[in-house]
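Engineer: pasting the structure only:
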C-alpha cells in the first residue's frame, strides 16, 4: 500500500509543479484584469460544479458494499446533471456578467461551462480508480492530459496572443483528455439504464457531502466574488485589484492544494475502509496530524520569510502587489493543515452534516470579511479570512475529537514536532537576508539551503525533539538509509517510542484486509518484539531483525509481480528466526488479501510456542478465516483459538 501512496504523492507533486510553471508562463502574457475575470469565472463554475455532482463521487468511494447498480445510477445521474448545468450556465451567463458590469464574462462562462458535462462523464471512472487506490493510473492520466492541454494548447495559444482564452481552452481540453484516460484505465462497464432504487443510498450521503464541499469550496472563492462586485472604482480597476487578491490566494493555496489532493484521495479512501474500527481511525488520524504538520509548518515559515521572492518566481513582477496579501493569508495555512486531516475523517465516518454546518459558518464569515474589507483594503480582507480559519479549525478539532474519542489537547500535541521543525527552518532561513533584496531567487535559494542545514543539524543533535509519542519520522526514514552514523542516530531517538508505527499505518491506508478486518497496527507498534521460532545465537535481536527486514524489503522492490514476491517471502521466512515486527513488515509488502493471509498462516504454523502463535493469530484475526486456516493447523500441534 505504501507503493500506492508514493504514486499519489508523485501525482500530486507533478500536477502542482506543472501547473505552477504553466501559470507562470501565462503570467508573461496575461494582465491583472484578465486574471480577475478568469478568477471570477472559475469561482462561479467551481461552486456550481459541486452541485452538478451532488456528492456522487464521494458516495462511490465511501460506500462499503458497492454494486453494479450503484455505479450505473451514479453514471446516469452525473451525466444528466452535467448536461443540465452546462445549459443553465449558458443561458445565465449574460445575467451574471451584468452583475459584475463586464460583458466579457459571457463567452468565458459559456465556454468553461462545458466542464460540467465533461466532469459528469468522467466522475464514475475517476471515483472507481480512487476507490481502488490506483494512483498509478491517476498519475499517468493527469500527466498526459496536462502536458497536451497546458503545454501544447495553452502555451501555444498564449504565444499566439489569445490572452485569457489560452487558459480557458487549455482547461476544457485537459478535462476532456482526463475523461478519456479515466474510462480507458478504469475499465468500468455501465449496464442497463437508470436503476432508480439505487439512487437513494448514494444521495443520502451525497447530499451531505455536497453541502460540505459547497461550503468548503465557497469559503475559498466567495471572497474573490464579493471583491469583484463590491470593490470601489470602474469595472477595469475592480478586476485588476480582484486579480491581485486572487493571485495572492493562489500562492497561499499551493501547500493546501497538495494537502487537499492527498487527503481527498489517500486519507479519505483509507479512513473510509476502517470507518467501523475506532482504534484504527484514531491511529490514522493522529499519524496524519503529525506528518502533515511536519510538512506544512517549515514551508509556511519559508514562504513568510520570502513572500516577495516567491511571488516574483511564481507570478512575475506585474503581480508584486499581491505580496502583502500572501504574507497575511499564509498565517492561516498553519491551521489549515489540521483542518484538512479533520476533513478527511469526518467525511470517512459520515459526519458530513455536522461538518457542513461548520463549513457554512466559515463561508459566511469569509463573505462578511470580504464585504467589510472591500472599502478598507485587501489586507483587511486577508486578516478577516485568517481569523475565520482559526475559528473553523477550533470547531473542526472539537467535532473530530468527539468522533474518534481523542481529546483536542492530544491532537494538538501531535503538531509540536512540526512547530519545532518550523522554528529551526526560520532560524536558518534568515540567512538569505544577508543578500540584497534585488537578488530575488538567490536569496530564496540561500535561505532554503541554510534552513535545511540547520534542520539536519537539529536532527543529529537531538532527534527525540522531532518525535511525539509513538510517532517519529526520523526513525521511519532511518530504515531507508544505508548503514552509518546518521542511520544509527535517527533510528533510536531516546524519547520516540515505537517510531515506525505511524508511517507504516499511514502507508497502509485503504487496505481492508489489514484495517477493516484485523488489528494489524497493534502488531506494528509492539514495543518489544516477540520471537517466532527457535532462537539462533546472534540472529534474533531486534536490531539485527530490523536490518535484515529492511534489506529484504529492498530486494522485494525489484520484484514487480505479487506472486513472485510471495514466493520470495516464503523462501526467506522458511528457516529464519522472526519477530512479530518482522512478520508485520513483510505482510505490508503484499496487497492481495489471500496472499497476505497465506503468508500469515505460514508464519504462525512455524511457531514452536502456542502462546506466541495464539498472539499472532489473534493479531491478524485469523479466526475469521478458520476454514481456510485449518489446512495450516495440520502442520502444528495447537489451536490458536
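Structural biologist: Looks like it arrived, so ask away. If you're wondering where the values come from, they're calculated on a predicted model, not measured in any experiment. Residues are numbered from 1 along each chain as shown.

Engineer: so what's the residue count around the spatially closest residue to residue 335 that is not a sequence neighbour?
Structural biologist: The shortest distance from residue 335 to any residue other than its chain neighbours is 4.0 Å, reached at residue 393 (C-beta to C-beta, 6 or more residues apart in numbering). All C-beta spots, glycine's among them, are computed from the backbone N, C-alpha and C. Counted with other C-beta atoms under 10 Å, residues neighbouring residue 393 total 20.

Engineer: and residue 393, how far is that from residue 255?
Structural biologist: 15 Å (C-beta to C-beta, to the nearest Å).

Engineer: can you give me the strands for the chain?
Structural biologist: 467-468, 471-472, 531-532, 578-579 (DSSP state E).

Engineer: ok, of those strands, where does mean pLDDT dip lowest?
Structural biologist: Among the strands of the chain, strand 531-532 carries the lowest mean pLDDT, a mean of 42.

Engineer: my understanding was that residue 422 contacts residue 300; is that so?
Structural biologist: Yes. Residue 422 lies in contact with residue 300 (C-beta atoms under 8 Å); the separation is 6.9 Å.

Engineer: please name the nearest non-neighbouring residue to residue 124.
Structural biologist: In this structure, residue 124 finds its nearest non-sequential neighbour in residue 75, 4.6 Å apart by C-beta to C-beta, 6+ apart.

Engineer: so that neighbour sits against residue 191, correct?
Structural biologist: No. Applying C-beta under 8 Å, one finds residue 75 not in contact with residue 191, separated by 10.1 Å.

Engineer: of the two, who's got more company?
Structural biologist: Comparing residue 75 with residue 191 by other C-beta under 10 Å, the one with more neighbours is residue 75, at 20 against 9.

Engineer: pull the number of nearby residues for residue 486.
Structural biologist: Counted by other C-beta under 10 Å, the residues lying close to residue 486 total 17.

Engineer: what about it, distance to residue 10?
Structural biologist: Residue 486 is 25 Å from residue 10, by C-beta to C-beta.

Engineer: please apply the same query to residue 240.
Structural biologist: Here the criterion is C-beta to C-beta. By it, residue 240 lies 37 Å from residue 10.

Engineer: the more surrounded of those two?
Structural biologist: Taking neighbours as other C-beta under 10 Å, residue 240 and residue 10 compare with residue 240 leading, 19 against 14.

Engineer: who's in contact with the closest residue to the more buried one other than its chain neighbours?
Structural biologist: Among residues not flanking residue 240 along the chain, residue 32 sits closest, at 4.4 Å (C-beta to C-beta, 6+ apart). Contacts for residue 32 were tallied using C-beta atoms under 8 Å, 6 or more residues apart in numbering; they are 239-241, 243-244, 247, 318-319.

Engineer: just the endpoints, please. Distance across stretch 125-140?
Structural biologist: Using C-alpha to C-alpha, to the nearest Å, one end of stretch 125-140 lies 14 Å from the other.

Engineer: would you mark the buried spots in it?
Structural biologist: For stretch 125-140, burial by neighbour count (16 or more other C-beta atoms under 10 Å) applies to 125-131, 133-139.

Engineer: kindly reformat those residues as CSV containing pLDDT.
Structural biologist: Listed next are those as CSV, based on pLDDT from 0 to 100:
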residue, pLDDT
125, 89
126, 88
127, 84
128, 86
129, 85
130, 80
131, 79
133, 72
134, 78
135, 76
136, 81
137, 85
138, 83
139, 85
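
Engineer: how about low-confidence regions in the stretch 51-200 of the chain?
Structural biologist: Residue ranges of the stretch 51-200 of the chain with pLDDT under 70: 51-55, 62, 64, 196-200.

Engineer: show me the contacts for residue 298.
Structural biologist: 418, 421-422, 424-425, 451, 455.

Engineer: as CSV, those residues with neighbour count would be great.
Structural biologist: Formatted as CSV, the contacts of residue 298 follow (neighbours: other C-beta atoms under 10 Å):
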residue, neighbour count
418, 26
421, 25
422, 25
424, 23
425, 24
451, 25
455, 20
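
Engineer: farthest pair within these?
Structural biologist: 418 and 451 (14.3 Å; C-beta to C-beta).

Engineer: next, residue 187: phi, psi?
Structural biologist: phi 50, psi 50 (degrees, to the nearest 10).

Engineer: how close does it sit to residue 26?
Structural biologist: As judged by C-beta to C-beta, residue 187 and residue 26 stand 35 Å apart.

Engineer: more crowded one of the two?
Structural biologist: Taking neighbours as other C-beta under 10 Å, residue 187 and residue 26 compare with residue 26 leading, 23 against 9.

Engineer: residues contacting that one?
Structural biologist: By C-beta under 8 Å, 6+ apart, residue 26 lies in contact with 154-155, 158, 166-167.

Engineer: residue contacts, the residue nearest to residue 124?
Structural biologist: Taking C-beta under 8 Å, 6+ apart as the test, what residue 75 contacts is 123-124, 190.

Engineer: which of those residues lies closest to residue 219?
Structural biologist: Of the contacts of residue 75, the one sitting nearest to residue 219 (C-beta to C-beta) turns out to be residue 123, at 23.0 Å.

Engineer: these two touch, right, the closest one and residue 74?
Structural biologist: Yes. Between residue 123 and residue 74 there is a contact under C-beta under 8 Å: 7.0 Å.

Engineer: now tabulate the contacts of residue 32 in TSV and tack on distance to residue 369.
Structural biologist: What follows is the contacts of residue 32, written out as TSV (distance: C-beta to C-beta, whole Å):
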residue	distance to residue 369
239	20
240	21
241	16
243	19
244	17
247	18
318	26
319	22
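
Engineer: can you turn the buried part of these into a PyMOL selection?
Structural biologist: Buried members of the contacts of residue 32, defined by 16+ other C-beta under 10 Å, are picked up in PyMOL with:
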select buried, resi 239+240+241+243+244+247+318+319
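
Engineer: could you dump the contacts of residue 32 to TSV with pLDDT?
Structural biologist: Below are these laid out as TSV (pLDDT from 0 to 100):
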residue	pLDDT
239	84
240	84
241	87
243	85
244	86
247	86
318	80
319	82
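
Engineer: for the contacts of residue 32, which one is nearest residue 296?
Structural biologist: Once C-beta to C-beta is applied, the member of these that ends up nearest residue 296 is residue 247, at 21.2 Å.

Engineer: separation between the closest one and residue 103?
Structural biologist: Going from residue 247 to residue 103 by C-beta to C-beta gives 23 Å.

Engineer: residue 402 too?
Structural biologist: Residue 402 is 50 Å from residue 103, by C-beta to C-beta.

Engineer: residue 133 too?
Structural biologist: To residue 103, residue 133 is 46 Å away according to C-beta to C-beta.

Engineer: show me the contacts for residue 137.
Structural biologist: Residues in contact with residue 137 (C-beta under 8 Å, 6+ apart) are 129, 181, 185-186.

Engineer: one step back: inside helices: which ones of the contacts of residue 32?
Structural biologist: Of the contacts of residue 32, the ones assigned to helices by DSSP state H are 239-241, 243-244, 247.

Engineer: and those residues, which is closest to residue 569?
Structural biologist: Closest to residue 569 out of the ones in helices among the contacts of residue 32 is residue 247 (51.8 Å), distances taken as C-beta to C-beta.
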